[in-house]
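Peer 1: sequence below, structure please.
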Amino acid sequence: MKQMVSRFGHIDGDHLTLLNVYHAYKQNKEDPQWCYENFVNQRAMKSADNVRQQLARIMARFNLKLCSTDFNSRDYYVNIRKAMLAGYFMQVAHLEHTGH
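Peer 2: Coordinates of the predicted model:
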């Protein structure tokens, strides 16, 4: 696990670390040997890819624009964080000075 985190880790947490793993998996053409050498569960990667394809089809069915930022763009992680916050804003907590 430490080796995987050192290769793919992101300072902003596990979600972005897993996204880095997914991008590396795709860049390596979904190679099972790459998964083995990098301690990555290929079945989990295939499942993630399947979900991504399903979401793309749903967006196409509803004529929703699929917009992506290039992985090498400096705005990439900023846009990912914005999307995550938009999706999870109801789960965000606010800590008052009183401790509540």
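
Peer 1: which SSE is the residue most central in space within the chain in?
Peer 2: In the chain, the residue lying closest to the centroid (C-alpha atoms, centre = their mean) is residue 19, at 3.0 Å. Assigned by DSSP states H and E, residue 19 belongs to helix 14-27.

Peer 1: repeat that for residue 73.
Peer 2: Going by DSSP H and E, residue 73 is not in any helix or strand.

Peer 1: compute the number of surrounding residues for it.
Peer 2: Residue 73 has 11 neighbours, counted by other C-beta atoms under 10 Å. All C-beta atoms are positioned from the backbone trio N, CA, C, and that covers glycine.

Peer 1: do the same with residue 21
Peer 2: Using other C-beta under 10 Å, the number of residues around residue 21 comes to 24.

Peer 1: that one contacts residue 5, correct?
Peer 2: No - using C-beta atoms under 8 Å, residue 21 is not in contact with residue 5; the gap is 9.8 Å.

Peer 1: what sits up against the lowest-mean-pLDDT helix or strand in the chain?
Peer 2: For the chain, counting by mean pLDDT, DSSP states H and E, helix 2-8 ranks last in confidence among helices and strands (a mean of 77). Outside helix 2-8, the residues that touch it by C-beta atoms under 8 Å, 6 or more residues apart in numbering are 17, 20-21, 24, 38-40.
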